[in-house]
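A.B. asks: Got a predicted model here, sequence first, then my questions.
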Amino acid sequence: MSRPTQTSDAEPILRLRELHKTFDPRSASACHAVRGVSFDVHPGRIVGLIGPDGAGKTTLMRLATGLLAPDSGSIDVLGMDSVRQTHAIHRRISYMPQKFGLYQDLTCQENLDLHADLQGVEAAERPRRYQRLLEMTGLGSFANRLAGKLSGGMKQKLGLACALVKMPELLLLDEPTVGVDPVSRRELWRIVREMVECERIGVLLATAYLDEAEQCSRVVVIHQGQLLDQGTPASFSQRVRGRTYLVSADGMRARTIQGQLSHQPGIIDATIRGGRVRTICADADDRPIRAALDPSLGARIAPTDPTFEDAFMTMLAAVSEPSPTPARPAMPANAPQLSGEASASGETSANGEASASGEASASGEASANGEASANGEASASGEATANGETSASGEASASSETSANRSDQPPVHTRDLTRKFGDFTAVAQISFDVGRGEIFGLLGPNGAGKSTTFRMLCGLSKVTSGEVRVAGRDLRRAGSRARQRLGYMAQQFSLYGPLSPIENLRFFGRSYGLKGRRLESRIDWAIEEFHLHAHRDEPSGALPVGYKQRLAMAAALLHEPDILFLDEPTSGVDPLARRDFWRRINALAENGMTIVVTTHFMEEAEYCDRMLIMSQGRELASGTPDAIRALARDERHPDPSIEDAFIALADRAAAGTKERP
Amino acid sequence: MTELARRWMRLRGFITKETLQIRRDPSSIVLALVMPVVLLFLFGFGVSLDAQRSPVAIVIDSPGPQARALVERFSLTRYFHPMPAASMEQATAMLNRHAVDAIVRVQSDFADRLHRPGAAPVQIIVNGTDSNRAQAIQAYAVGVLANDAAQRVARGESSAINGVVVEPRIWFNDAMESSYFLVPGLLALVMTLIGVLLTALVIAREWERGTMEAILATPLRPGEMMAAKLLPYFILGMMGMAMSVGLGAALFGVPVRGSLWVLVAVSALYLLASLGLGLFISAAARVQFIAAQVSIVIGFLPAFFLSGLLFDLDSTPWPIRAISHIIPARYFISAAHTLFLAGDVWPIVWRDATALGIMAAILIALARSRLGKRIER
């Protein structure tokens, strides 16, 4: 065991100097992935390579591994040149790429054997080594299981075990924890720390999770291919000391406060953490907060210790162009005029403009009308299949137009929703309701069953058993009129890459039945609202991630749905764009839109009104963020985060059921 | 541990991995071992280039014993199925609606002419849409008539002998069984399937699934990866080859007149050339879908159409003949036909084997050059 301080004067094992790398240098779409980056990794240290997606982290990793050759600059690994001595370097380092490089059709043991053979691990050494790795990763009982049949977290641990099958002097890990459940994430970090402490290996680890920076010995911040800064995590947070505050007010939702604080003069960032609004001010002074909030709220403003994330957001805000901000609620303010025109020409479906109107009370009535007529249809078509109860309620809401009656039927409703693929249960007995104007989050790591649940909601997947109703009906049987009421944003970019943003919007608008002046005015609205001016005539496929995400959301909102489904909308989007995204979502919900969103970012749960945490197809917990956090509150965690809650709940679930694969 | 021992360990590890993957992937087993059987049955029983029991309309303008004898002769051979027609008009109508492939017309003065010096003409009209088949039918019909005439002369019924009588003789495939011709060609198809199509997917798959990046960062050298990818598929291909030869001999009695070992050696060379092409496509495409498409277009289709398997290359226009010289299957099919049906004709076997060896070396070298230690090309 050696303390990092003792090794600080050792020679670096990885030395990057003035690296430049451009892809397709001669083409118009030339991408300057890395621009003049220099840093070192010392033995016995974990260096975190931190930056938003697309910052150039993976390119730097590949350069350090010798899988890419730099255009200029030098890479020195263990005293060898990465370009000329690649083979010699590969015998002494290990690299785990983002896709972890496991053979899915080989068992855990066979994957380990392969890597042991490739890395030249002596046969005599293997049993001891395997035993230690399987123990560390907890994969012992899964040695003969195919890698493809492991959970996301277990795959990642197996990938790490393969990289550690020989003891490397330098370990390169490219986003090893992305999409992994919090429990596995914690274990991965424990393994890496153990290797660093016991074996004094050097680690370069790329991550987009800002909270992981705190666990590194040193942090290198990359943005748009350039090195913004480097230092210890503490040296970063020190810079914003005294500028961070937690804001809360009785009887007021955190996200409302956040909405009021965002983008106010003197305020750099406002985000929700632990039910309160974490605010960073430009100076060590809380006056900008007081100025932005209504004094009658009696808001409590408490100074708090800065974190790496606070410093990171401050740095990012300084170098980014001002992010496109929704200046007003995301639903069009000119809607009354717009919808008046539309209904005059009679070209929209009954519910098209229902939710578009500005005033809350009026919109309630409008959508009551819309829903009534829609429901009338539902009961007509539903009677054949549905039970008496359902068709009765359908008739009830068709005959009466009071909103009280409507509230019996939440826009989204599931009971004991179950989906099996063969003998594998992807989703087991999930039940929840989402009320009008609510933001409902489906949380869980990759492979928890979120997407399957989501696809059942949207009518894209069969339901094995249980009940699912969206806007009062089962979308698998309902026609296009019912689908008209919902907007859907898929996990992958699902617009047409070769078409320009305008062409995409026009196509999706038309496919939802918009045409003529109404289509054009909706497209104008989308361009304005989502700041799509910049690349409006370029092929959409080649646009920046954040732009694509805004475009996809615009396409989902074009036909003014009153229920919005968002599947992993923020994965692969940088933290600034994520905040911006959630502000839009809030504004939509404030205007009465019902929103269901899935995410594997636990902290994003704070933006939801209510949520359901899933793990391995089952419900771990559901309720408001406060209620979920309260489940995990104990003497060790007086103020737990959602992530702490997940870990506590997962532990409890594991203790309850003895073993679950 | 010496570098040699490490090298051997890496090679063994990667070969083990490839073998396990082949064993667990049903599609590769199907392609290697079930496909040859399917193709063999298809080619052996379904596809036949022989014209057998071709319907023929017989028009006899004035019936008589000589004319009847002639019709009899047509019904005795297995190549024809005679169908009497009342008039030439009716026969023409039958030909037009494809009820018959040919018309044989015996004129009213046939019997008289037989006894007079000079020719006793019989008219044969063949549907020439399918020219190969038309030629075969025409030749068979002429053969039947010649036979008939010869017998008459022997019996003294006719004096109509003019000039030289041609006596055709067919060598190597005396029964003119097209399965003798097709089974060797089938070998080429089976090995092209395994060699090009199956291997075209294996490197592209590693790129797609992200395993390539992890493997590139290990001490495994590109040459070792090549070798480890070649060997299991080589064995699989040779298994397919052995099965095709065995089944061909057992089911269709296709003879192997040359030496079996020479056949195995030439097949091995052809398989290496195919594997080289497959790996080259795979390493260059990096996407399974594209690799599969390309391997069909530049691997499988030429082996089918430009190799002399289906169409005689000597009767194709010169540009196509020129292109066929860079198709490995051409040399293999030529050598396989020789070894199966003629024997060890060394000038031909050496020529083809040399061409195949050179092509295999070039293609494997090309594939190797595409498989670097870096991600960028």
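C.D. replies: Received the coordinates, thanks. Numbers count the residues shown, from 1 in each chain, chains lettered A, B, ... in the order given.
A.B. asks: Name whatever forms a beta bridge with residue A:468.
C.D. replies: Counting by DSSP bridges, residue A:468 forms beta bridges with residue A:414.
A.B. asks: Get me the contact residues on the stretch 201-350 of chain B for chain A.
C.D. replies: With the criterion set to CB under 8 Å from any CB of the partner chain, the stretch 201-350 of chain B comes near chain A through B:209-221. All C-beta spots, glycine's among them, are computed from the backbone N, C-alpha and C.
A.B. asks: Going through those, which ones are buried?
C.D. replies: B:209, B:211, B:212, B:213, B:214, B:215, B:216, B:217, B:218, B:219, B:220, B:221 (16 or more other CB atoms under 10 Å in any protein chain shown).
A.B. asks: contacting residues around the first one?
C.D. replies: This points to residue B:209. Neighbour list for residue B:209: A:99, A:104 [criterion: CB atoms under 8 Å, 6 or more residues apart in numbering or on different chains].
A.B. asks: Checking the residue of the stretch 401-550 of chain A found nearest chain B next. Helix, strand or coil?
C.D. replies: Nearest residue of the stretch 401-550 of chain A to chain B (CB to the nearest CB) works out as residue A:446 at 15.1 Å. Classification of residue A:446 by DSSP: H, G, I helix; E, B strand; the rest coil places it in coil.
A.B. asks: okay if I get the residues of the stretch 201-350 of chain B next to chain A as a markdown table plus secondary structure and pLDDT?
C.D. replies: Formatted as a markdown table, these follow (DSSP: H, G, I helix; E, B strand; the rest coil; pLDDT from 0 to 100):
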| residue | secondary structure | pLDDT |
| --- | --- | --- |
| B:209 | helix | 87 |
| B:210 | coil | 87 |
| B:211 | helix | 91 |
| B:212 | helix | 91 |
| B:213 | helix | 91 |
| B:214 | helix | 91 |
| B:215 | helix | 92 |
| B:216 | helix | 91 |
| B:217 | coil | 91 |
| B:218 | coil | 92 |
| B:219 | coil | 93 |
| B:220 | coil | 93 |
| B:221 | coil | 91 |
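A.B. asks: quick one: the helix or strand hosting residue B:20 near chain A?
C.D. replies: Assessed by DSSP states H and E, residue B:20 sits inside helix B:3-24. Yes. Helix B:3-24 lies within reach of chain A by CB under 8 Å from any CB, at B:6, B:9, B:10, B:12, B:13, B:14, B:16, B:17, B:20, B:21, B:24.
A.B. asks: Could I get the buried residue list for the next helix or strand after that helix?
C.D. replies: Where DSSP H and E defines the elements, the next helix or strand beyond helix B:3-24 is helix B:26-29. Going by neighbour count (16+ other CB under 10 Å), the buried part of helix B:26-29 is residue B:28.
A.B. asks: for stretch A:114-133, same thing?
C.D. replies: Using 16+ other CB under 10 Å as the test for burial, stretch A:114-133 gives A:114, A:115, A:116, A:117, A:118, A:119, A:120, A:121, A:129, A:130, A:133.
A.B. asks: follow-up on the earlier one: nearest to chain A, of the residues of helix B:3-24 next to chain A?
C.D. replies: Of all these, chain A sits closest to residue B:13, with 2.3 Å by CB to the nearest CB.
A.B. asks: residues near the closest one, how many?
C.D. replies: As a burial measure, residue B:13 scores 23 neighbours (other CB atoms under 10 Å in any protein chain shown).
A.B. asks: Over to the nearest residue to it once chain neighbours are set aside. Which of the three states is it?
C.D. replies: Residue nearest to residue B:13 in three dimensions, not counting chain neighbours: residue A:117, with 2.3 Å by CB to CB, 6 or more residues apart in numbering or on different chains. At residue A:117 the chain is in helix, as set by three-state DSSP.
A.B. asks: could I get the buried residues of stretch A:114-133 as a markdown table with distance to residue A:417 and pLDDT?
C.D. replies: Compiled in a markdown table, these are given as follows (distance: CB to CB, whole Å; pLDDT from 0 to 100):
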| residue | distance to residue A:417 | pLDDT |
| --- | --- | --- |
| A:114 | 40 | 96 |
| A:115 | 40 | 95 |
| A:116 | 44 | 95 |
| A:117 | 46 | 95 |
| A:118 | 45 | 94 |
| A:119 | 46 | 93 |
| A:120 | 51 | 92 |
| A:121 | 47 | 93 |
| A:129 | 44 | 93 |
| A:130 | 41 | 95 |
| A:133 | 38 | 93 |
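A.B. asks: State the pair within these that is farthest apart.
C.D. replies: Distance extremes for those: the farthest pair is A:120 and A:133 at 16.5 Å, using CB to CB.
A.B. asks: could you point out where the chain is predicted with low confidence?
C.D. replies: Going with chain A. Counting by pLDDT under 70, chain A shows low-confidence ranges at A:1-9, A:28-29, A:100, A:321-408, A:479-480, A:572, A:656-661.
A.B. asks: try again with chain B
C.D. replies: Low-confidence segments of chain B (pLDDT under 70): B:46-51, B:116-120, B:131-132, B:156-179, B:377.
A.B. asks: Sweet, I'm off.
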